[in-house]
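> compute the structure for the input listed below.
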Amino acid sequence: MHYRPNELDTARLGVVVAKRFARQASQRSLVKRIVREQFRRRRATLPAFDLVVRLNAPIVGATRAMINDDMAQLLDRLQGRSEK
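Residues are numbered from 1 along each chain as shown. Next comes the predicted model:
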């Protein structure tokens, strides 16, 4: 996840899922849906950052629960950085 402070009152999200990491369109869509849903649930508690989430490894063998957990951990780390 890449992040940068913005001048708004809320966080914004961008999602990039490359074909080389998720070959099928259904896999790419699933990752994007999960990321957007996690963001939607936590948006009110997130600092005012522009976020870009992108895959950096293939998702072969990853389950929905694993993707959800990874995104939750990323957002938790982001909240921790804003409190320092």
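
> quick one: residues in contact with the helix or strand bottoming out on mean pLDDT in the chain.
None of the helices or strands of the chain scores lower by mean pLDDT, DSSP states H and E than helix 64-83, at a mean of 87. Here helix 64-83 makes contact (C-beta atoms under 8 Å, 6 or more residues apart in numbering) with 1, 3, 30-31, 34-35, 38-39, 42, 45-47, 49, 51, 53, 59. C-beta here means a position set from N, CA and C on the backbone, and glycine is covered the same way.

> buried residues in that helix, which are they?
Applying a neighbour-count criterion of 16 or more other C-beta atoms under 10 Å, the buried positions in helix 64-83 are 67, 70-71, 74-75, 78.

> got the CA coordinates for that helix in PDB?
Extracted in PDB, the C-alpha atoms of helix 64-83 (Å, rounded to 0.1, in the frame of the first residue of the first chain):
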ATOM      1  CA  ARG A  64     -11.000 -14.700   0.500                       C
ATOM      2  CA  ALA A  65     -10.200 -14.800   4.200                       C
ATOM      3  CA  MET A  66      -6.500 -14.400   3.600                       C
ATOM      4  CA  ILE A  67      -7.100 -11.400   1.400                       C
ATOM      5  CA  ASN A  68      -9.400  -9.900   4.000                       C
ATOM      6  CA  ASP A  69      -6.900 -10.400   6.700                       C
ATOM      7  CA  ASP A  70      -4.000  -8.900   4.700                       C
ATOM      8  CA  MET A  71      -6.100  -5.800   3.900                       C
ATOM      9  CA  ALA A  72      -7.200  -5.500   7.600                       C
ATOM     10  CA  GLN A  73      -3.500  -5.700   8.700                       C
ATOM     11  CA  LEU A  74      -2.500  -3.000   6.200                       C
ATOM     12  CA  LEU A  75      -5.300  -0.600   7.400                       C
ATOM     13  CA  ASP A  76      -4.400  -1.300  11.000                       C
ATOM     14  CA  ARG A  77      -0.700  -0.400  10.300                       C
ATOM     15  CA  LEU A  78      -1.900   2.800   8.600                       C
ATOM     16  CA  GLN A  79      -4.000   3.800  11.500                       C
ATOM     17  CA  GLY A  80      -1.000   3.200  13.800                       C
ATOM     18  CA  ARG A  81       1.200   5.500  11.700                       C
ATOM     19  CA  SER A  82      -1.200   8.300  11.900                       C
ATOM     20  CA  GLU A  83      -1.400   8.200  15.700                       C
END
